[in-house]
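Peer 1: next input, structure requested:
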Amino acid sequence: MHIPLILLKHVAKACLNVFTGGIAGELVFGVANDVMRNWEKESDELARRAELAALAQATAEEVNEAVAEAVRVVAADRSEQERRDLSSYLMQVPASIRRTLRRPTDPTGRTVPQALAIKSAQDLVLLLPSRLPRFNPGDSPLVGVDRELVELLGIGGFGEVWKAINPNRPSMPPVALKFCLDPAAKDRLLRHEARLLDRIMQIGVHSGIVALRDTYLKADPPCLEYEYVGGGELTGVIRENKTRGGISPREAARAIACLAKTVGIFHRVIPPIVHRDLKPANILLSSDAPGEMGLKIADFGIGGLAVGQDLERAQTHLPRGELLCSIAHGSYTPFYASPEQIREHHLIPATTSTPWE
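Peer 2: Residues are numbered from 1 along each chain as shown. Sure thing, here's the model as predicted:
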């Protein structure tokens, strides 16, 4: 399949114009502004939608070729490091588009919904990677472990989450690898959270949580291996239903009851396990339940690590582009944190997350 290069070239040019001194995620809204200004001149809305669909549906080989061509055309006179960083950023664009487009009617995120309009930088910024990732597709960061990264699933205060496969056993189901990149979170993970993670694993498999398969706490960076849940996030349900007048009260009540039942299991153990970061981005949809919302809660055991980073960053100036992405993807923790969390009080089960319990 031929991938139109108009968007990738405009993103590449904007990155080089806006990111002086390296690719920096805090300037992503400036990139979106620059891209929209030029993209609108060359393509009408129908053509822009077609290009988004082509990028969302592209294979890894097609993306590699398209990115290499875009970098060759736009950055031929730049340093090797700049070209490498630019390639790394552009490689994430299709995955970022798919993440935003995932919804119940298309859990793969490979089609563009009719209601989606890309008319402003605020619309476009939701489709762009929020910052340059640490890893790239094809990397195998876990030494001695047969896991190859294939797609970036998310970036947050904790680190990066990647879909990974065993390259030597293609029949094995993929997994999700969550890498802890923040130094402070890394220290707390090793010192304080390892025992909690062990308790989570002892409770065993539960249909309502994303299963923790293994821990690589001595790896650099430390990593947690979870089952891969391919149906997208609750954010996609909310976004898709917004165009239809919102989720019905009956559906909303059913979803909340399902979530409450799951967290209740962990609240009843002694001592209770409190999630601490329950939000739409941490509620995944099981793709093996067609026609139903099979909800699975992610990040049990490490919610406190991520929420601490997010609340601390929110108290400082959060760049506009990153703020918009975080809000739109249902991952802006301050919107969902309880008052007790904001005030840094000790948490009990009743204060897991204000909107959900």
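
Peer 1: in a helix, Asn241, correct?
Peer 2: Yes: assessed with DSSP: H, G, I helix; E, B strand; the rest coil, Asn241 lies in a helix.

Peer 1: return the distance of the nearest residue to it once chain neighbours are set aside relative to Gly230.
Peer 2: Nearest residue to Asn241 in three dimensions, chain neighbours excluded: Ile247, at 4.6 Å (C-beta to C-beta, 6 or more residues apart in numbering). For every residue, glycine as well, the C-beta is placed using N, CA and C. Computed as C-beta to C-beta, to the nearest Å, the Ile247 to Gly230 distance reads 22 Å.

Peer 1: circling back to that earlier point, so who does the residue nearest to Asn241 touch?
Peer 2: Val237, Ile238, Asn241, Ala255 (C-beta atoms under 8 Å, 6 or more residues apart in numbering).

Peer 1: same deal with Pro137?
Peer 2: Ala60, Met91, Leu149, Val150, Glu151, Leu152.

Peer 1: which SS class is Ser171?
Peer 2: coil.

Peer 1: how far away is it from Leu128?
Peer 2: Applying C-beta to C-beta to Ser171 and Leu128 gives a distance of 34 Å.

Peer 1: the more surrounded of the two?
Peer 2: Leu128 (26 against 5; other C-beta atoms under 10 Å).

Peer 1: quick check: phi and psi on the more buried one?
Peer 2: Here is the backbone geometry of Leu128 (degrees, to the nearest 10): phi -100, psi 150.

Peer 1: could you list the low-pLDDT ranges of the stretch 201-350 of the chain?
Peer 2: Where the stretch 201-350 of the chain drops to pLDDT under 70, the residues are 287-293, 301, 303-350.

Peer 1: so which residues of it form helices?
Peer 2: 234-242, 249-267, 303-315, 320-328, 339-342 (DSSP state H, counting those that start in this stretch).

Peer 1: where do the strands sit along the stretch 101-250 of the chain?
Peer 2: 148-155, 159-165, 175-180, 212-216, 223-227 (DSSP state E, counting those that start in this stretch).

Peer 1: can you lay out those as a markdown table showing distance to Asn136 and mean neighbour count?
Peer 2: Formatted as a markdown table, the strands of the stretch 101-250 of the chain follow (distance: least, C-beta to C-beta, whole Å; neighbours: other C-beta atoms under 10 Å):
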| stretch | distance to Asn136 | mean neighbour count |
| --- | --- | --- |
| strand 148-155 | 7 | 20 |
| strand 159-165 | 10 | 23 |
| strand 175-180 | 13 | 23 |
| strand 212-216 | 19 | 18 |
| strand 223-227 | 16 | 21 |
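
Peer 1: Throw those strands into JSON lines and include distance to Arg84, thanks.
Peer 2: As requested, those are arranged in JSON lines below (distance: least, C-beta to C-beta, whole Å):
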{"stretch": "strand 148-155", "distance to Arg84": "17"}
{"stretch": "strand 159-165", "distance to Arg84": "18"}
{"stretch": "strand 175-180", "distance to Arg84": "20"}
{"stretch": "strand 212-216", "distance to Arg84": "26"}
{"stretch": "strand 223-227", "distance to Arg84": "23"}
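
Peer 1: select, out of those, the one closest to Ile283.
Peer 2: Closest approach to Ile283 among the strands of the stretch 101-250 of the chain (C-beta to C-beta): strand 148-155, 13.0 Å.

Peer 1: which residues sit against that closest one?
Peer 2: Everything outside strand 148-155 that qualifies as a contact, by C-beta under 8 Å, 6+ apart, is 60, 92, 95-96, 98-99, 129-131, 133, 135-141, 160-167, 174, 176-177, 281, 329, 331.

Peer 1: okay, the angle between that strand and strand 175-180?
Peer 2: For strand 148-155 against strand 175-180, the angle by axes from the mean of the first three to the mean of the last three C-alpha atoms, to 10 degrees is 60 degrees.

Peer 1: in its sheet, what does strand 148-155 sit against?
Peer 2: Strand 148-155 pairs in its sheet with strand 159-165 (antiparallel), by DSSP bridges.

Peer 1: CA atoms of the strand it pairs with as CSV?
Peer 2: Output of strand 159-165 as CSV, limited to C-alpha atoms (Å, rounded to 0.1, in the frame of the first residue of the first chain):
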residue,chain,number,x,y,z
GLY,A,159,7.4,5.5,31.7
GLU,A,160,6.5,3.7,28.5
VAL,A,161,4.2,0.8,27.7
TRP,A,162,5.0,-1.4,24.6
LYS,A,163,3.3,-4.3,22.9
ALA,A,164,5.9,-7.0,22.5
ILE,A,165,6.2,-10.4,20.9
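
Peer 1: centre-most residue in the chain?
Peer 2: Gly154 (2.2 Å; C-alpha atoms, centre = their mean).

Peer 1: who is that residue paired with across the strands?
Peer 2: Val161.

Peer 1: for Thr235, see how far away it is.
Peer 2: Distance from Gly154 to Thr235, by C-beta to C-beta: 11 Å.

Peer 1: also Gly294?
Peer 2: Gly294 is 16 Å from Thr235, by C-beta to C-beta.

Peer 1: checking Asn33 next. Helix, strand or coil?
Peer 2: Per three-state DSSP, Asn33 ends up helix.

Peer 1: one step back: Ile265 is nearest to which of the strands of the stretch 101-250 of the chain?
Peer 2: strand 212-216 (14.7 Å).
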